[in-house]
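Engineer: coordinates only, no sequence provided:
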């Protein structure tokens, strides 16, 4: 049986392309499930074969996508991004606050600032002082008041303020909902990748424990043979 080891010019047996020697990995050191997946397409590979990192990343992406498809059915865009990040070893977590704030227009930043100020204690205190001063000034001026009781002008101003403030607060709340949705999607990606990473770690630990037991059994057999020869 011919083994697919690295040729002198550094050609990968899977992709057929040439790579530097440092970009090759021993086939027997790959994840067992990943190695089985590669053998499905390349059954002639053995434990002494060496494959390129590019081929390993490609098959790792296929393996994760197939694993997700078996558990979840049709893959969503988020699932594909998680599979790609897991195969490439990149991060999926992002700073939602920075990415969201960078896309805000001037009007959106203004409405968010007004909504934040309208729901703060400084606004309530200042608004209470203005109302008290308005009523006090008109009461002290008597017949010369510019807005005598029942303060019709004040009611008109308050109605206009409420009419303007309500849509501003609604716009700010809508952007907050969009930010929360982005944050929840990012959390979903992080949790999904963590779940897959933990599963792979368990499988890798099981594989390492099995290999250690096999090596211990081989060492024990050699010791027994050595004792028998000495006897």
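Structural biologist: Okay, I see it. Small disclaimer: the values here were computed from a predicted structure and weren't measured.
Engineer: which stretches in the protein count as strands?
Structural biologist: Along the chain, counting by DSSP state E, strands occupy 24-26, 50-52.
Engineer: report the longest helix in the protein, please.
Structural biologist: helix 152-230 (DSSP state H).
Engineer: ranking the strands of the chain by burial, who's on top?
Structural biologist: strand 50-52 (a mean of 23; mean count of other CB atoms under 10 Å). Bear in mind the C-beta positions are built from the backbone N, C-alpha and C, glycine included.
Engineer: can you name every helix or strand that that strand contacts?
Structural biologist: strand 24-26 (3 or more CB pairs under 8 Å, 6 or more residues apart in numbering; DSSP states H and E).
Engineer: report the distance from the strand it packs on to the chain centre.
Structural biologist: The chain centre lies 29 Å from the centre of strand 24-26; the measure is CA atoms, centre = their mean, to the nearest Å.
Engineer: same thing with stretch 16-28?
Structural biologist: That offset, for stretch 16-28, works out to 30 Å (CA atoms, centre = their mean).
Engineer: stretch 201-213 too?
Structural biologist: With CA atoms, centre = their mean, you get 28 Å for stretch 201-213.
Engineer: try stretch 148-159
Structural biologist: Distance, centroid of stretch 148-159 to centroid of chain: 53 Å (CA atoms, centre = their mean).
Engineer: on that earlier part again, mean pLDDT added to the strands of the chain, as TSV?
Structural biologist: TSV is the format used below for those (pLDDT from 0 to 100):
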stretch	mean pLDDT
strand 24-26	82
strand 50-52	84
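Engineer: could the ones you listed be laid out in CSV, adding distance to residue 130?
Structural biologist: Below are those laid out as CSV (distance: least, CB to CB, whole Å):
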stretch, distance to residue 130
strand 24-26, 72
strand 50-52, 73
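Engineer: can you tell me which of the ones you listed is nearest to residue 81?
Structural biologist: Comparing those against residue 81 with CB to CB, the closest turns out to be strand 50-52 (23.9 Å).
Engineer: give me the sheet partners of that closest one and which way each runs.
Structural biologist: The pairing partners recorded for strand 50-52 under DSSP bridges are strand 24-26 (antiparallel).
Engineer: contacts made by the partner strand with the rest, please.
Structural biologist: Strand 24-26 is contacted by residues 6, 10, 12, 47, 48, 49, 50, 51, 52, 53, 56 when judged by CB atoms under 8 Å, 6 or more residues apart in numbering.
Engineer: for stretch 100-114, same thing?
Structural biologist: Counting by CB under 8 Å, 6+ apart, 165, 168, 171, 172, 175, 178, 179, 182 sit against stretch 100-114.
Engineer: who wins for neighbours among those residues?
Structural biologist: residue 172 (19 neighbours; other CB atoms under 10 Å).
Engineer: give me the nearest residue to that one, chain neighbours excluded.
Structural biologist: residue 115 (3.7 Å; CB to CB, 6 or more residues apart in numbering).
Engineer: give the contact list for the one you found.
Structural biologist: Residue 115 neighbours (CB under 8 Å, 6+ apart): 168, 169, 171, 172, 173.
Engineer: what is the nearest of those residues to residue 30?
Structural biologist: residue 173 (50.2 Å).
Engineer: not counting sequence-adjacent ones, nearest residue to the closest one?
Structural biologist: Nearest in space to residue 173, with sequence neighbours left out and distances taken as CB to CB, 6+ apart, is residue 115 at 7.8 Å.
Engineer: and the pLDDT at the one you found?
Structural biologist: pLDDT for residue 115: 85.
Engineer: of the contacts of residue 115, closest to residue 31?
Structural biologist: Distances from residue 31 to these, taken by CB to CB, are shortest for residue 173, at 46.3 Å.
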